[in-house]
Structure formats: structure tokens, C-alpha cells
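Chemist: Provided below are the primary sequence and the corresponding predicted coordinates.
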Amino acid sequence: MSAIAELFERTRAENRAALVGYLPAGFPNKSASIAAIEAMVEGGVDLVEVGLPYSDPVMDGPVIQAAADQALTAGTRPADVLDVVRASAATGAPTVIMTYWNPVERYGVDRFAADLAAAGGSGLITPDLTPDEAGEWIDASTKHGLDRIFLVAPSSTDARLAMTADAASGFIYAAAVMGVTGAREQTSTLGPELVARTRKVTDKPIGVGIGVSNGAQAHDVAEFADAVIVGSALVRCLLDAPDEAAGLDAIRTLARDLRAGVERN
């Protein structure tokens, strides 16, 4: 059983959703991004998404784009991302990389999978890679014991939902809004319907992301999803902070609020 599968077995036994937190590697620099992930886990995040900064983040909103720009300016490279994964996994939280597919291809698919597994990573989230085009990744992830986290969206047909669910492992990432990522004042009303449709074709865990920014919203999503995924709101804690210490405090505080939300009490 993978570390992610064990996590969802535990959270289901605890009758709560898992809390998934995203932060880009190398933002605002390598050591600070590691400290931020550690603070996030201290605050209650169960599973960490480490973002691989990319120069053309077409699905990312302005907050994550700004963070990725800072990371790239600081010289963050795939080797640095793997170092961040190693430090994140050392916290005990299952850790995955969220990345567009082009950097993985450039690195070498099998080499990337091998190095991710060696760093203690649990899998990969691939927002722009669909299962029908993922043969090389499916082979490499199987070979190296990594989970494949594919995305479904409100626009996905029932047939595509079934195909994606069948190919995925770890959990399925339900992007509950159309458009780019980012925290919102209200969570998407499309989320419950998308999760319900996906549950008709699989019993694998389903995480809902894009839009959650506080504990109350996390609680709402936890009512129908197996995991609540938060990215932009955590990133903004660092973007808006006057210094690193204040940013880390803000991340811990937000993570605690989000964790209280997913507890379903």
C-alpha cells in the first residue's frame, strides 16, 4: 500500500477529509520553501504538493505565477525541487510533485520517476497530461512505485471520468472550477456535482481543489470530498508577509484553520 493510500485509509477511519497543501519549490528561495512546507505540516497539512516552477504556467492564477517567477529568478531547477521533496517527505507527510509535463519530458521520464522515488516522493500530479497520452509515465510510475494523480473537471464527459479514474492512483484531483487556480470568496458550486459524477465510476479517493482559502470553505468541501486541496491561499501567506518569520507564522495559522475545517466536527 502506498503512503497516500495509507493516509486516506487513516483519514477515512477518522471520519474526516485529508488536508492537502501546495507550495512551489524555491519560493521565495530553496531554504525558505522548505521551512514553509515544514510550517504547513506543523499546522496540520496531511499531504504536501511541491510545485515545480515553470515558465509557462497556463493553468495557474496570478498568485502562483508570481511565486513561480520568484522561484525561477532565484535559480530553482529540478534538482532543487527534488531536494525540497526530500525535506518535505522527511516531515512524515506523503509528498508529491505538481508539474506540467514538459519539464518531466526534458528531464527524462524514467529518470524523473527514479529520482522522485529516491527522494522519498509518493507521486506526481500532472494537470496537463491526460491518461490516454500518458503511456510512458504510467510505465515509469508503475516501475518506481509512484502514484499517478490525474485531473478531472466539470467539462469531463462520463467516459473520460471513467478512463481517468481507472488510470489514476493515490487519489483523483477534481478541479472544481473552470479556469485558472486561485483563492475565491466562495467555493465552486460545481464541486459536489463533479465529485458525485466521479464517485459513480470509482471508489478511489477524490480531492477537490481550486478556490479554498479558509477553514469555513474547507469544511464545506470536506462534506463531500475525501481531500481538500489548498494552494494560492498558502502561497499568499508568503507573498504578503513583511519577512520570512511572519510568513511562516501566517502559514501555520492558516493551516490550523484549514485543518479544523476538514475535521467535520
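Modeler: Right, received. Where do you want to start?

Chemist: longest helix in the chain, by number of residues?
Modeler: helix 244-262 (DSSP state H).

Chemist: now what about that helix, what contacts it?
Modeler: 16-19, 21, 28, 32, 35-36, 39-45, 212, 214-219, 222, 228, 230, 233-234, 237-238, 240-241 (CB atoms under 8 Å, 6 or more residues apart in numbering). Heads up, the C-betas are built off the backbone N, CA and C, glycines and all.

Chemist: keep only those of these that are in helices.
Modeler: For the contacts of helix 244-262, secondary structure assignment (DSSP H) places 32, 35-36, 39-42, 215-219, 222, 233-234, 237-238 in helices.

Chemist: among those residues, name the buried ones.
Modeler: 32, 35-36, 39-41, 215, 217-219, 222, 233-234, 237-238 (16 or more other CB atoms under 10 Å).

Chemist: for the longest helix of the chain, output the C-alpha coordinates as CSV.
Modeler: What follows is helix 244-262, C-alpha atoms only, in CSV (Å, rounded to 0.1, in the frame of the first residue of the first chain):
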residue,chain,number,x,y,z
GLU,A,244,10.1,35.2,6.3
ALA,A,245,9.2,34.7,10.0
ALA,A,246,5.9,36.4,9.6
GLY,A,247,5.2,34.4,6.5
LEU,A,248,5.8,31.1,8.3
ASP,A,249,3.6,32.2,11.2
ALA,A,250,0.8,33.0,8.7
ILE,A,251,1.2,29.6,7.1
ARG,A,252,0.9,27.8,10.4
THR,A,253,-2.1,29.8,11.4
LEU,A,254,-3.9,29.2,8.1
ALA,A,255,-3.0,25.5,8.1
ARG,A,256,-4.5,25.2,11.6
ASP,A,257,-7.7,26.9,10.5
LEU,A,258,-7.9,24.7,7.4
ARG,A,259,-7.3,21.5,9.4
ALA,A,260,-10.1,22.5,11.9
GLY,A,261,-12.3,22.9,8.9
VAL,A,262,-11.7,19.4,7.5
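
Chemist: which positions within it qualify as buried?
Modeler: Of all the residues in helix 244-262, those buried under the rule 16+ other CB under 10 Å are G247, L248, A250, I251, R252, L254, A255, D257, L258, R259, G261, V262.

Chemist: look up how far V41 lies from the fifth one.
Modeler: Same thing as R252. In this view, R252 and V41 are 10 Å apart by CB to CB, to the nearest Å.

Chemist: which residues touch the residue nearest to the spatial centre of the chain?
Modeler: Centroid-nearest residue in the chain, with CA atoms, centre = their mean: E49, separated by 3.8 Å. The contact partners of E49, by CB under 8 Å, 6+ apart, come to V20, G21, Y22, L23, T95, V96, I97, M98, I125, I229, G231.

Chemist: run the last query once more with 7 Å
Modeler: By CB atoms under 7 Å, 6 or more residues apart in numbering, the contact set of E49 is V20, G21, Y22, V96, M98, I125.

Chemist: from the buried residues of helix 244-262, pick the one nearest L7.
Modeler: Distance to L7, by CB to CB, is smallest for V262 among those, at 12.6 Å.

Chemist: gap between that closest one and P94?
Modeler: To P94, V262 is 16 Å away according to CB to CB.

Chemist: need the strands for the chain, in chain order.
Modeler: Using DSSP state E, the strands found in the chain span residues 18-24, 47-51, 95-98, 123-125, 147-149, 151-152, 172-175, 206-209, 227-230.

Chemist: neighbouring strands of the shortest one in the sheet, and parallel or not?
Modeler: Paired with strand 151-152 in the same sheet, following DSSP bridges, are strand 172-175 (parallel).

Chemist: tell me which residues in the partner strand are buried?
Modeler: Along strand 172-175, these residues count as buried under the neighbour rule (16+ other CB under 10 Å): I172, Y173, A174, A175.
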